[in-house]
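[1] fold the stuff below for me.
(chains A and B)
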Amino acid sequence: MIAPVLHTERLTLRMPRIEDFEPRAAFYASDRAVWEGGPISRVEAWRIWASEVGLWPLRGYGPFTVEADGAYVGEVGIYQAEDYPEAELGWFVLPEAEGKGYALEAARAVMVWARQSFGWDEIVNIIDPGNARSIALGLRLGGRIDASRPGIDSGDVVIVHDLRGFA
Amino acid sequence: MIALTGLPVLTTARLVLRGPQAADWPVFRAFRMSDRTAYTGGPRSAQQAAEQFAALFGHWVLRGFGRLIAEDRVTGQPLGHFGPLQWDEAGEVELTWSLWRSEAEGQGLATEAALAMKAWVFGPLGLSSAIVQVHRDNAASHGIARRLGGEVIPGRVPGWTEAGTVYRLTAEGRA
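    Next up, the predicted model:
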């Protein structure tokens, strides 16, 4: 199973390919990755990426590479931590592509795809409490914070999105 | 079930080597959380084991090659993983092997599977060279590396331990 290609007004979401690794590893090596468990080494970045891409054949969902005008701008996808009861909607955008609403546009497309593909009623974001930018995006996407749900790490903010409006 | 597609299936006298499957998870998990991984950086947590299991699949997707699972031809039981691993484009491809179950040891099964993988790596995959990294105390794997025709690279140590040996495998090497 590989990712379908999803098109939005400005973006293409597609299956990750090996050439995505360089911009992805550079992002994860930078201080900007502090909310994604970074900064981390190239080797560690490869290990994590291979495991996330491996979700596609294992579970039928996973990360989408996001392109704008043919350039890599980040990733939006559905991730699943072992022993965590729910799949998670996640994203990151390279610093130079921030502030354009790309993550919002791509996340909406993935939410629609998840609803249509799996019939899920909801999906969550699990976000470090210091990551104000992602929390704001989760709320802008229509989610609500559910303080009763545990995250993965202590203190995580869990935002729940109702997918039932996405036919 | 969702699956990887287009992967090779290699058959030896006693084994079938095929792509990883979701159903392999319980056995892989038990292996990675056991002392059997002491020579390869383990034992690991359940979370780490899950990441490593998913990475078996992701490596195939991203690089077009990876590790296969050896199963007993008669019982269908998965016995271990075997095959090429590459951490970094700039680095060399490593031929790896692990028997997941202690009861599979001592019968030459790992050598049988590793020889089949070596033939695939230097045949259909088209590589001309690979390395093998073995912990100093892992006598069984030193024996396999030598039986595959590996030659010690003087002065080089594995990426994850100072206490070990790196072997060079080539298509022209014996065995």
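[2] any weak-confidence spans in chain A?
    Applying pLDDT under 70 to chain A flags residues A:1, A:167.
[3] please redo it, this time with the cut-off set to 80
    Within chain A, the ranges that satisfy pLDDT under 80 run A:1, A:36-38, A:81-85, A:167.
[4] all strands for the chain, in order.
    As the question left the chain open, I've gone with chain A. A:6-7, A:11-14, A:63-68, A:71-79, A:88-93, A:122-127, A:144-145, A:157-162 (DSSP state E).
[5] wrong chain, I was asking about chain B
    B:10-11, B:15-18, B:68-72, B:78-85, B:94-99, B:129-135, B:151-152, B:164-170.
[6] how about these, which one is nearest chain A?
    Nearest to chain A among these is strand B:78-85 (9.8 Å), distances taken as CB to the nearest CB. For glycine as for every other residue, the C-beta is placed from the backbone atoms N, C-alpha and C.
[7] contacts made by the closest one with the rest, please.
    B:15, B:17, B:20, B:24, B:27-28, B:31, B:56, B:59, B:65-72, B:93-101, B:104, B:109-110, B:113-114, B:116-117, B:120-121, B:125, B:127, B:130 (CB atoms under 8 Å, 6 or more residues apart in numbering or on different chains).
[8] of all the strands of chain A, which gets the most neighbours per residue?
    strand A:63-68 (a mean of 24; mean count of other CB atoms under 10 Å in any protein chain shown).
[9] by how many degrees do it and strand A:88-93 diverge?
    30 degrees (axes from the mean of the first three to the mean of the last three CA atoms, to 10 degrees).
[10] mind exporting strand A:63-68 as CSV, just the C-alpha atoms?
    This file holds the C-alpha atoms of strand A:63-68, laid out as CSV (Å, rounded to 0.1, in the frame of the first residue of the first chain):
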residue,chain,number,x,y,z
PRO,A,63,3.1,10.4,6.1
PHE,A,64,2.5,12.4,2.9
THR,A,65,5.3,14.5,1.5
VAL,A,66,3.9,18.0,0.8
GLU,A,67,5.1,19.9,-2.3
ALA,A,68,4.4,23.4,-3.5
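[11] from the contact counts, what lies against that strand?
    strand A:11-14, strand A:71-79, helix A:102-118 (3 or more CB pairs under 8 Å, 6 or more residues apart in numbering or on different chains; DSSP states H and E).
[12] what strands flank it, and is each parallel or antiparallel?
    strand A:11-14 (antiparallel), strand A:71-79 (antiparallel) (DSSP bridges).
[13] so what's the gap between the longest helix that chain B contains and the chain middle?
    Criterion DSSP state H: the longest helix present in chain B is helix B:46-63. On the basis of CA atoms, centre = their mean, to the nearest Å, helix B:46-63 sits 13 Å off its chain's mean C-alpha point.
[14] repeat that for stretch A:105-116.
    The answer for stretch A:105-116 is 11 Å, by CA atoms, centre = their mean.
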